[in-house]
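*Asks:* What follows is a predicted protein model with its sequence.
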Amino acid sequence: MSNDNRPNDKRAEATLIHIGIDAKHRETISENLSRVLADTHLMYLKTHFYHWNVTGPMFSSLHLLFEKQYIELHEAVDMIAERIRALGHFTPGTHTILAKLSTIPEDASTSIPDATAMIRGLLAGHEALSRSVRTAFKAAEAGDDQATMDRMVERMEASDMAAWMLRSHLETPNSETLPQVENLKSDKAEKRTH
């Protein structure tokens with residue numbers, strides 16, 4: 001081996017990844033994270049778009065809710081992309097590639113949906129994102145990648161919470177649950193008298 005090859009060998013050796021996760025698992029995990037990244041990015045764009053364009057009687061509350069959600073999604077995009085890089089892979093970054101990877105369809109209509117349609121669209125998107133995250137978690141678990149598993153648990157919690165908040169805007173009070181609440185109050189009052 002000539003001296004000219006040694007610096008290249010050292011550079012190649014420096015780029016090898018020895019973090020306790022084999023190359024095949026890192027590739028599978030990164031592929032799953034790329035789908036999560038695509039779904040998260042699309043949800044960020046959709047939520048930000050709805051934040052700008054929501055109208056109607058729920059304007060104020062939805063404008064603030066959508067803002068909170070798009071800020072959280074924006075921060076998540078960076079975290080997911082950096083984890084892909086830490087695993088030794090490059091991140092998808094063009095709109096075309098992200099749209100192909102995403103499991104969340106873009107809005108088919110070019111018109112601005114009403115507030116209820118926005119809520120339904122974001123709800124469906126967060127539920128799809130939760131499913132993508134759970135798939136990525138399983139890939140990380142198979143590769144014994146606790147760092148990715150931890151990040152995916154954070155993403156599950158965030159998407160599940162966002163979906164719950166959106167779903168709550170669509171629900172009407174269920175009279176069947178009200179007696180259960182009344183029974184709890186009665187049970188507490190009985191315990192205090194005994």
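*Replies:* Noted; the coordinates are in hand.
*Asks:* In the chain, where is pLDDT below threshold?
*Replies:* Counting by pLDDT under 70, the chain has low-confidence residues at 1-15, 174-194.
*Asks:* What is whichever helix in it runs longest packed up against?
*Replies:* The longest helix of the chain (DSSP state H) is helix 23-53. With contacts defined as 3 or more Cβ pairs under 8 Å, 6 or more residues apart in numbering; DSSP states H and E, helix 23-53 has these neighbours: helix 59-86, helix 95-101, helix 115-142, helix 146-170. For the C-beta atoms, the positions are set from N, CA and C on the backbone; glycine is no exception.
*Asks:* Please spell out which residues along the first one are buried.
*Replies:* Neighbour-count burial for helix 59-86 flags 62-63, 65-66, 69-70, 72-73, 76-77, 80-81, 83-84 (criterion: 16 or more other Cβ atoms under 10 Å).
*Asks:* Same check on the last one?
*Replies:* Within helix 146-170, the residues that count as buried by 16+ other Cβ under 10 Å are 148-149, 151-152, 155-156, 158-159, 162-163, 165-166, 169.
*Asks:* Next, format the helices and strands packed on helix 23-53 as TSV and append distance to Asn32.
*Replies:* As requested, the helices and strands packed on helix 23-53 are exported to TSV (distance: least, Cβ to Cβ, whole Å):
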stretch	distance to Asn32
helix 59-86	10
helix 95-101	10
helix 115-142	4
helix 146-170	9
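*Asks:* residues near the closest residue to Met156 other than its chain neighbours, how many?
*Replies:* In this structure, Met156 finds its nearest non-sequential neighbour in Val133, 5.1 Å apart by Cβ to Cβ, 6 or more residues apart in numbering. When neighbours are defined as other Cβ atoms under 10 Å, Val133 has 28 of them.
*Asks:* With that, I have no additional questions.
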